[in-house]
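Colleague: coordinates for the following, if possible.
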Amino acid sequence: MLAPFPNEAPPPAETDTCQHCHLSGSIESLFAPLLRWILFGTAGLAFVYGAYRTGSAVLTRKPWKPIWARVADWVDERYQIVEPLRKFLAKPVPKFATRWWYCLGGITFALFVIQGITGIMLAFYYKPSVQEAYASIQFIENEVLFGSAIRSIHHWCANGMIIMAVAHMLRVFITGAFKPPRELNWISGVTLGLLTLVFGFTGYLLAWDQRSFWATTVGSEIVGGIPIIGDLAMILLRGGWEVGDVALSRFFALHVLALPVLIVIFLGMHFLMVRRQGIARPL
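Modeller: You can find the predicted model right below:
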């Protein structure tokens, strides 16, 4: 019987490719499945081990802390300041000291902090010279973003600081908190009150307008009226016989350098004595 396709070769028999590879005996055909098992098995073991380590680390790690808390812990491990500070602050406040008139000193201190912050902002643009002082104030008022608001806060907080300081001194005097053993506390408080007045006086000239110029002139002449040392004190304050460029520079230096340092020193003394002796009971 003739083949259906006499001129063509018969089609190859169907064979299993995988079986052909195994039967061919080539090295690549023999080791390819083994290499695949080793590769995927190693990757699987690495994944399982990594998952185990990650899970154990999550379960055993300490609670997460923000960076500032970790920095504080790092500093405290070396200098041990948290526990003494906690003992210093953990002091009960007497019930009678929770009345509002016992908060006048704290309000004064809060206003002083606001004065420092707003004063630093204003110092970035203020120029302490006769030719540029008034122009720099106008620049702050009209050109600087929120400059008018910052200067207004500085101005009114200065008035409020003087009022609160005087009110605090009156409260201490009326309640008899100046009596022994708190004499030094009273002296430091009176000194702070006087420094606050000088703070306001030196800052008033920095606007360098007609009102501040003549107010400083009259105020310095009052200082010059002190017997014996009046003229010397006035010359030291003004830097001469007239209120001018030297006086403005000296008032600026007193206002932003000398007086803040003195107030911080006396505030520290005042707070330490109050903390040590406690709040005086009312009469």
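Colleague: how about stretch 170-181: buried residues?
Modeller: Under the neighbour-count criterion of 16 or more other CB atoms under 10 Å, stretch 170-181 has 171-172, 175, 177-178 buried. Placement of C-beta: from N, CA and C, glycine included.
Colleague: just the CA atoms of stretch 269-281, as PDB, please.
Modeller: Extracted in PDB, the C-alpha atoms of stretch 269-281 (Å, rounded to 0.1, in the frame of the first residue of the first chain):
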ATOM      1  CA  MET A 269      17.400  84.900  92.600                       C
ATOM      2  CA  HIS A 270      13.800  85.900  93.200                       C
ATOM      3  CA  PHE A 271      12.400  82.500  92.000                       C
ATOM      4  CA  LEU A 272      15.000  80.500  94.000                       C
ATOM      5  CA  MET A 273      14.100  82.300  97.200                       C
ATOM      6  CA  VAL A 274      10.400  81.900  96.600                       C
ATOM      7  CA  ARG A 275      10.900  78.200  95.900                       C
ATOM      8  CA  ARG A 276      13.100  77.800  99.000                       C
ATOM      9  CA  GLN A 277      10.900  79.700 101.500                       C
ATOM     10  CA  GLY A 278       7.500  79.000 100.000                       C
ATOM     11  CA  ILE A 279       4.600  81.400  99.500                       C
ATOM     12  CA  ALA A 280       3.900  83.600 102.500                       C
ATOM     13  CA  ARG A 281       0.500  83.200 104.100                       C
END
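Colleague: what lies in contact with it?
Modeller: With CB atoms under 8 Å, 6 or more residues apart in numbering as the test, stretch 269-281 has contacts from 88, 91, 93-94, 96-97, 102, 175-177, 179, 181-182, 184-185, 188-189, 192.
Colleague: need the pLDDT of the residue positioned nearest the centre of the chain.
Modeller: When the chain is reduced to its mean C-alpha position, the nearest residue by CA atoms, centre = their mean turns out to be I117, at 10.0 Å. With respect to pLDDT, I117 has a value of 97.
Colleague: name the element it belongs to?
Modeller: Assigned by DSSP states H and E, I117 belongs to helix 104-123.
Colleague: in this protein, which spans are helices?
Modeller: Remark: helices assigned in the chain by DSSP state H are 17-24, 27-60, 67-79, 82-89, 104-123, 133-142, 147-174, 183-205, 210-224, 230-238, 245-253, 259-277.
Colleague: in this structure, which helix or strand is least confident?
Modeller: Within the chain, confidence by mean pLDDT, DSSP states H and E is lowest for helix 17-24 among all helices and strands, at a mean of 50.
Colleague: what does stretch 212-223 rub up against?
Modeller: Outside stretch 212-223, the residues within contact range by CB under 8 Å, 6+ apart are 201, 204-206, 230, 233-234, 237-238, 243, 247, 251.
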